[in-house]
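Q: Coordinates for the following, if possible.
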Amino acid sequence: MSSDTAPAPTGTSLGDAATGRLARIAGPVVTAVGLPGTRLFDVVRVGADGLPGEVIRIEGDRVTIQVFEDTTGLRVGDPVVDTGAPLLAELGPGLLGSIVDGTGRPLTVLAGSTPDGGVARPFVARGADPPRLDRTRRWDFRPAVAVGQRVGPGDVLGTVAETPALEHRVLVPPDVRGTVTAVHPGPATVTDPVVAVDGEPVAMLRRWPVREPRPVRARLPLDRPLVTGQRVLDVLFPVAAGGSAIIPGGFGTGKTMTEQALAKHAAADVVVYVGCGERGNELTEVLQEFPELVDPRTGAPLVQRTVLVANTSNMPVAAREASIYLGITYAEYFRDQGHDVALMADSTSRWGEALREVSTRLEEIPAEDGYPAYLASRLAGFYERSGRVVCLGEGTGDGDRTGSVTVIGAVSPAGGDFSEPITQNSLRLAGAFWGLDTALARQRHYPAVNWTRSFTQYDVTGWFDAEVAPDWSALRSWALALLQQEGALQDVVQLLGVEALAPEQRVVLRTGRLLREAFLQQSSFDERDASSPPAKSVAMLRVLSETHAAMTAALARGAPPSALVTAPVLGELAGMKQWDAEQATAQAPALAARVRAALEGVR
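A: Numbers count the residues shown, from 1 in each chain. Modelled structure (predicted):
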C-alpha cells in the first residue's frame, strides 16, 4: 500500500487495533506495554481522551511515546491504541490559506467547534481530531486525461482552481501506473474519485508520512536565485532557488521580521510559514497581517498562496518537531506540482530545544549544551529536503516539470552566541548565512544583516548578469570590497579620529556610509521600499559606484576631501529608495549625471 493511500491515523474507526496500557509518564514522554506489533514512528492514541502521540523507541515489550498534547491527567493503566500508521500529512485542495497546528489539525475548525455554549475555544481541546482537509467542500475538477490514456507516477490527472493565485494540479500517486478507465469531471470533494486507473478509483486527497521525503525524478543544479526583494540579500548574499539559508541573531535583531518580509516579497509561488515555538503575540501578528496583505504579483490576498503552521511556545513541546516535518512535506507537495516554494521555519532553535527536552526525559546521554547526539543528523534530514528538481511525471507541454523548495530557517542562539550547537550545525548545512547584528538593530538599521560576517556559497551571479544587468557581478564585487575597507577604517576612526585618515580613505568612508544608509537599509513599512526588484537594486548600486568614482576623480583634481564628503548633492541619494521599480533604470543616469556635475564644481 502506498503512502498516498495509506490509512490515516485520524478520523477513522480503529476497530480491532492493538491496545496497550500506560506504564510510565514523564511529561510529554510516556511508556506503554502490551503493543507487540507497534512500529517505530507509528501514531498512537493515549488515554481516555485519545491524545495523539508518536512511537520514538521500542525496547522489548516497552514502547516509548512522545505525546503531542499536554499529558496532565493521564494515569498509569490508561489505554494506548496503535493506529497502525505513521504521522501523515493530508494533501490536496484546501491547503492554501489554511492555518494548522504542528500535527496538521486546522485551527479554524478547532476554534469553531464550540459544544460549550457557543463560545470560541481559546486553546485546542484535548484529543481533538477533525479531518485535516474539508470533506464537504466541492471543487471543480478539470481533467487533463482521457479514458484509454496511459499514466504513471506524477502525471497530471487534472487541475483545480484552488485560489485565483494558484492552479492546483492533481497528480498520479507515486506507486500508481496503468490505463485510465474512467474520468469524473466537475464538482467533487477531496475524497470522491475523480479518475480510475485500471479500475482503481483515485481521489484528490493524498496522505504522506511527514518524515519521509517525497520522490523526484532528478535533482537540478542550483544556478538561479530566489529573489527576495531585500537588497542586502539579493545583491550581496543571494540564496539559490532550491537552496537553504539560516538567519541567526540574538533577541530583538529582527529574525521574525526578516522572515515575514521574505514571506511577503520573495519570488515564490507558494509560501509555507512554520511558527515553531515562537511567542504567541508574534504569530498572532502574522495571522492578522497575512489575510490583509495584497500579493503584488496577482493583486489577490497573499494568504491565498500561503500555508501557516502554528505551534506557539505554550503549545505542547513534542509537536514542535512534528511541525517542521509537516511544513517541509507541504512544501514538497506543491513542489511536485511544478511550483517554486519558500519554507520559512521560525525558529529551528525552538525545535532543537524540543529535541533536547524529549531526549532528557528519555534519559539519553547528552552531547554539547545538553542537546542529543543526533542533533546534527536531524537538522541535516530537514535541510537536505530542500532542492530544485525535475518532478515525477510528464511535463505540461513545455518540457519537464520542475519545482523547488527553498528552506530559510531562523536561529535564536542564546545571548547571540553563534558558536552554540544549533547555529554551528546549521552553518554546515545551509548555503547562505545571514547573520543578524545586535548593534545594527539598536541603530534601527534593518534588515540588520552584518555584511562582514554573512556569506553565500551559491554562485548565481551568472543568472543576474544574463537576466538583469551585465555589470551585476562587477558592481557586487565593488560593493563587497568597499564595505570591507570601510569596516577596517571604522576601527581606525574610533581610535584616532577621522582626521587621521588619508583623503582617499575619507572618500571610502563616505561611500561606505552611503552604501549602508541609501542602499542596504530598507524599510518594511514603506510601500515603495519594502521590496526592491533586481533592476531597481542594480540601478541604485550603479549610481553609488559612479558617485564614488566621481568623488575619487574630484579628489585627484585637488578638491578638498572635507568639501567632497559633505557635498549637499549626496543627500539626494537617499531618495533612490522611493524610485518606482519600473522607472529606476531610466532615473538612475539622470541622478548620476547631477551628482557628477555637482562634484566637479567642488573646489
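Q: Which parts of the chain belong to which domain?
A: 19-85, 139-204, 218-459, 472-600 (automatic domain parsing).
Q: wait, which of the ones you listed is closest to Ala125?
A: domain 19-85 (8.8 Å; C-beta to C-beta). From N, CA and C alone the C-beta is placed, and that goes for glycine too.
Q: how far does that closest one sit from the chain's center?
A: 32 Å (C-alpha atoms, centre = their mean, to the nearest Å).
Q: Check the gap between Pro213 and Tyr333 for me.
A: Distance, Pro213 to Tyr333, using C-beta to C-beta, to the nearest Å: 12 Å.
Q: again but with Arg510, I slipped
A: Arg510 is 51 Å from Tyr333, by C-beta to C-beta.
Q: ok, the two, which is more surrounded?
A: Higher neighbour count among Arg510 and Tyr333: Tyr333, with 24 against 21, using other C-beta atoms under 10 Å.
Q: so what pLDDT did that one get?
A: For Tyr333, the pLDDT comes out at 98.
Q: Just to check, it is in contact with Trp208?
A: Yes. At 7.2 Å, Tyr333 counts as touching Trp208 under the criterion of C-beta atoms under 8 Å.
Q: what is in contact with those two at once?
A: Residues touching both Tyr333 and Trp208 (C-beta atoms under 8 Å, 6 or more residues apart in numbering) are 89, 91, 214.
Q: which non-adjacent residue is nearest the second one?
A: The shortest distance from Leu91 to any residue other than its chain neighbours is 4.1 Å, reached at Arg206 (C-beta to C-beta, 6 or more residues apart in numbering).
Q: and stretch 392-407, what's its mean pLDDT?
A: Computed over stretch 392-407, the average pLDDT equals 79.
Q: meant to ask about stretch 209-222
A: Stretch 209-222 comes out at a mean pLDDT of 96.
Q: Next: stretch 434-454.
A: pLDDT averaged over stretch 434-454 gives 94.
Q: Determine how far the last residue of that stretch lies from the first.
A: Length of stretch 434-454, first residue to last, C-alpha to C-alpha, to the nearest Å: 5 Å.
Q: just stretch 41-58 next, same as before
A: First residue to last in stretch 41-58 (C-alpha to C-alpha) measures 10 Å.
Q: Likewise for stretch 333-343?
A: One end of stretch 333-343 sits 12 Å from the other (C-alpha to C-alpha).
Q: swap in stretch 562-573?
A: Using C-alpha to C-alpha, the two ends of stretch 562-573 sit 18 Å apart.
Q: what does stretch 271-283 give?
A: For stretch 271-283, the separation between the terminal residues is 15 Å (C-alpha to C-alpha).
Q: quick one: contacts of it?
A: Contacts for stretch 271-283 (C-beta under 8 Å, 6+ apart): 102, 256, 259, 263, 286, 302, 305-314, 317, 320, 323-324, 326-328, 330-331, 334, 341-351, 353-354.
Q: hmm, 6 Å instead?
A: 256, 263, 306-313, 320, 323, 327, 330-331, 342-346, 350-351 (C-beta atoms under 6 Å, 6 or more residues apart in numbering).
Q: Low-confidence ranges, the protein, go.
A: The model of the chain has pLDDT under 70 over residues 1-17, 112-123, 296, 395-399.
Q: In this structure, where's the longest helix?
A: Counting residues, the longest helix in the chain under DSSP state H turns out to be helix 472-496.
Q: That one - contacts with which helices or strands?
A: Here helix 472-496 touches helix 461-467, helix 503-514, helix 534-556, going by 3 or more C-beta pairs under 6 Å, 6 or more residues apart in numbering; DSSP states H and E.
Q: between the ones you listed, which gets nearest to Glu600?
A: So among these, helix 534-556 is nearest, using C-beta to C-beta, at 6.5 Å.
Q: Now stretch 511-521: buried residues?
A: 511-512, 514-516, 518-521 (16 or more other C-beta atoms under 10 Å).
Q: Please identify the deepest-packed of the helices and strands packed on helix 472-496.
A: helix 534-556 (a mean of 21; mean count of other C-beta atoms under 10 Å).
Q: isn't there a strand covering Glu572?
A: No. Counting by DSSP: H, G, I helix; E, B strand; the rest coil, one finds Glu572 to be helix, located in no strand.
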